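Peer 1: can't give you the sequence, but here's the structure:
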């Protein structure tokens, strides 16, 4: 992470200004506010603001359920019930605003989650900083041979060194030329909106990203998953820790019913029933394709 | 408004619990939190939570504009610039959560604004209260004769009395029968999800409604407009007062550029140019239809 | 269903006008176009337009997967893979436009699905028809005693007769009074936007509803489910038949992975693993709440 | 544009397969289907599918307006009325699906319009082609001196030559190194999801983009505007031509009320009223800021 001393001082100052409010406060979240948690080599995630807590989820749900349920269910029980039954609207009643610094190729995956508000630092108006993501050696991996959507073994030796050398050299040259093109020293200087096109996808950008808890959990389920690309997964994992402190009941229910759960097809449920009865089920008599069977085995083996 | 003493006591209690927070606080908004502002005969609007203030709009905008603009524009100037140029994303960085009690026919208009989060009190699970909107005599109006989308003159005399009598009697009978059908006294009792179908559209419902400032202002522009139906307009007007205290700069810009402004067509702009040059422009030589000309005249006459 | 002879003739006429097009055509869907399929006592669903077919899902997915996958996967296999892995964007590339006539209390549930386009017949401008949903005797049910969100036994005898009598009489009286209030015969006539508030929630409304296939399937999963209220479920079931003819591969995958599948929590998966190993698992040693265990048993028992 | 002979043959083939349909057909649009219209040096826009026409807008609007309006308004009049009064839902009833090839930095602006469906060619799974946007000499412009969000004079002479040389050389080197890193010839080959980060923002990507007419017109208003960046504006302009042939009434209304119109603030309207009365209004007595006055003058001068 590369915050300047001025930026760190600004964050420090924000963390010292306490105000009085009548709103719901999550003590777990207050501990995180403004602090920049490092992700990758120059990125970070930091919470700028939040709305609501576990109780706010229940409060909203009880308007929709009315007097009938208030006495019988305690808050955690209600939250687990809502999560289990896909009642998403009460979770939409909490909101979070983050400031994220991230490589452009990660930002391009991230933005595909449309139900969120975004203000991105604009390279049309401003000059981007000289900051590029260069993977740590243990993350420089080969194309997967079993799955053409992922990575396989870690590269080693000369090949790994060559890759890192290329990424560093090309980033540096691209940025030098970006600076040269926009320079107004002895020349007119190319428009920023044009010069930015020379910059590679590992340059860092930053944005304010605001999202409700339901959509955030959906994002985390997909992006904290083992199949997500490593470079976005580390952001999701950092956010999981923050959410766990913000709304502990909701987060625990999310772990049980979403992250740790699995959706089985009608065919897979049928196999489960046969297996519980003691029947030997194989791919051949399962009715599943090879890929589906492999995924089913992975679920059964936990 | 018909809050029970218990409900009023709950609100009072919430207004006494101050907490400490590191978040941005809008002092104007803190004064409104939880208080139920009466609307129509039994409805209300009250703020449950909010996120952000005028400064938060600028903070988000400056991420997207970067270092370049920070020193030259003060906050109000920047907010006016953003509003004038339809830069909506920074306004999306503020959020508000309301608890609203409103007649069902108003709720049906309201819900058409899709970019919001809603938890409604469910008549499938719970029993609705005996509360119906009966218009005040000065709002019982005839069908408009110039515009088949609105109201004309106030009804008076016997006709007005008859209307009010019908609305009251039909509401009362419908509710009596609703209660009779669901009663489990000496009978099984009809399912609530079925019994509710007997209730007319002037019964009150309630919901939690959460929306960002950009979408809220869009809602207010349409619903606080003179052409909106009176029964939703009064909710919008009450919300305008709250927003004016929450984000005073943004609200003032909204008044100048949206509520008090007007969009002119290319033909209307052409007429304006001719009129400024001193030319006599009439509907005949304007190129506009009768309806369009009437609307244009209304704009010119303020 | 109560279409007038004129309306039926209009539909007939549309079904006779064939045009030539270069677009993708789903023969299964062409057979449904415009025809009004009856639902409940006066409602219907009919397809007004559609975009895309099974092949269009693959076509869009292959842009996002590129050359690499085109040869290895056949269309149905690809569609099943996409469904199983929650790749929703290719399904968003098909679109359907329906004309639906439905009771207002059903419309209010339906509209909570926000990701759709809607044009509703406006009772602010127009006069609603005298058409009310009166349940068939076999659907007049008591409040459930095990679940306060649903119905239990069918009402019989005098109680059932009384309910039907009330619903019919109150609807008729409300509509008579609605007509009286808006009548301009010997009086000014109340504005339509006010008079409509006297009408109960079982009156029929109608709308054009346009949605993409992904969001439609999400709607069908929730609303064709056994726990959905009967009066909306019958619309969903009618739409399922249409979708099965429109995009047969996608619909079959939807049945296998969504409608017939189930999501198990991490705790439930753990129990499944223990049961397959031959362990006796009971609610007591399952770690689940009573409600969760009951739902788990229902899944295992199919 | 750089379509391969095989791709051109595939398009040709699609343009020869006419089918019979009962759906609404726009003859103007049929003429465009599948054809790739060149934009920039390697990009294109082509229509893959569409739903609806001008009549479909009216048909949907008339459900929401009911019997009352059918006879009085002809189709074009109704469409103009809807556009003038911001009744957006009937325009949402038409849909278009496009295949677009565009540079990544254009795609990043484009994707900020969230109300659309997108399937992008994935550089995580597939190998991108060696195609980069290199501006034509007449579009290589300096940073604007009056507006730090745009371009000023065209660069000439040595500076222009240097810029073009840099863009070409850096693109070529980045792609060579991308190919080298993923090559499996004598080495393992870097994962595609990592190698792509070396590619600059002027590389071309492609996607399927599906949007309703209301949101498309909103996109066009912002992106076909003179203030939009040239490289996205040319896509918008190409799409304007297509829309003009698809829904001619709607497009003409859009030109009159949106593209050719202007929104005036309450202060600006006040100035207009004073000017029509013959008063001399200057920035000093206008109450406007310098920037606002300049924009106002631009509107008055057409």
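Peer 2: Looks like it came in fine. This is a predicted model, so every value here is computed, not measured.

Peer 1: On the three-state scheme, the residue with the largest distance to the centre of chain A is what?
Peer 2: Distance to the chain centre peaks in chain A at residue A:186, reaching 44.1 Å (criterion: Cα atoms, centre = their mean). Judged by DSSP: H, G, I helix; E, B strand; the rest coil, the three-state class of residue A:186 is coil.

Peer 1: How about residue A:96?
Peer 2: Assigned by three-state DSSP, the conformation of residue A:96 is strand.

Peer 1: Contact partners for the closest residue to it other than its chain neighbours?
Peer 2: Nearest in space to residue A:96, with sequence neighbours left out and distances taken as Cβ to Cβ, 6 or more residues apart in numbering or on different chains, is residue A:50 at 4.9 Å. C-beta: built from backbone N, CA, C; applies to glycine. Each residue near residue A:50 by Cβ atoms under 8 Å, 6 or more residues apart in numbering or on different chains is listed here: A:26, A:29, A:33, A:94-97, A:246, B:23, B:51.

Peer 1: ditto for residue A:56
Peer 2: Contacts of residue A:56 (Cβ under 8 Å, 6+ apart): A:24, A:93-94, B:49.

Peer 1: what's around residue A:173, how many residues?
Peer 2: By other Cβ atoms under 10 Å in any protein chain shown, 17 other residues sit near residue A:173.

Peer 1: Tell me if I'm right that it and residue D:169 touch.
Peer 2: No: contact criterion Cβ atoms under 8 Å: residue A:173 and residue D:169 do not qualify, at 9.2 Å.

Peer 1: Surely the residue nearest to residue A:96 is within a strand?
Peer 2: Yes: counting by three-state DSSP, residue A:50 falls inside a strand.

Peer 1: burial count for residue A:271?
Peer 2: Residue neighbour count, defined by other Cβ under 10 Å, stands at 22 for residue A:271.

Peer 1: mean confidence for the helix or strand that contains it?
Peer 2: Assigning secondary structure by DSSP states H and E places residue A:271 in helix A:266-276. Helix A:266-276 shows a mean pLDDT of 95 in the predicted model.

Peer 1: do the following helix or strand past it and chain C meet?
Peer 2: Per DSSP H and E, helix A:266-276 leads on to helix A:283-286 as the next helix or strand towards the C-terminus. No: using Cβ under 8 Å from any Cβ of the partner chain, helix A:283-286 stays clear of chain C, coming no nearer than 12.8 Å.

Peer 1: what packs against the longest helix along chain A?
Peer 2: The longest helix of chain A (DSSP state H) is helix A:157-182. The helices and strands touching helix A:157-182, judged by 3 or more Cβ pairs under 8 Å, 6 or more residues apart in numbering or on different chains; DSSP states H and E, are helix A:192-195, helix D:157-182.

Peer 1: how about the shortest one, does it reach chain B?
Peer 2: Pointing back at helix A:192-195 there. No: for helix A:192-195, no contact with chain B is found by Cβ under 8 Å from any Cβ; the gap never falls below 9.3 Å.

Peer 1: Which elements pack onto that helix?
Peer 2: When contacts are defined as 3+ Cβ pairs under 8 Å, 6+ apart, helix A:192-195 packs onto helix A:157-182.

Peer 1: picking that back up, top of the contacts of residue A:56 by number of neighbours, please.
Peer 2: The most neighbours of any of those, using other Cβ under 10 Å, belong to residue A:94, which has 29 neighbours.

Peer 1: Just give the nearest non-adjacent residue to residue A:253, would you?
Peer 2: Take residue A:253 and drop its neighbours on the chain: the residue closest to it by Cβ to Cβ, 6+ apart is residue A:83, 4.0 Å away.

Peer 1: how near is residue A:57 to residue A:7?
Peer 2: As defined by Cβ to Cβ, to the nearest Å, residue A:57 lies at a distance of 34 Å from residue A:7.

Peer 1: Thanks a lot, see you next time.
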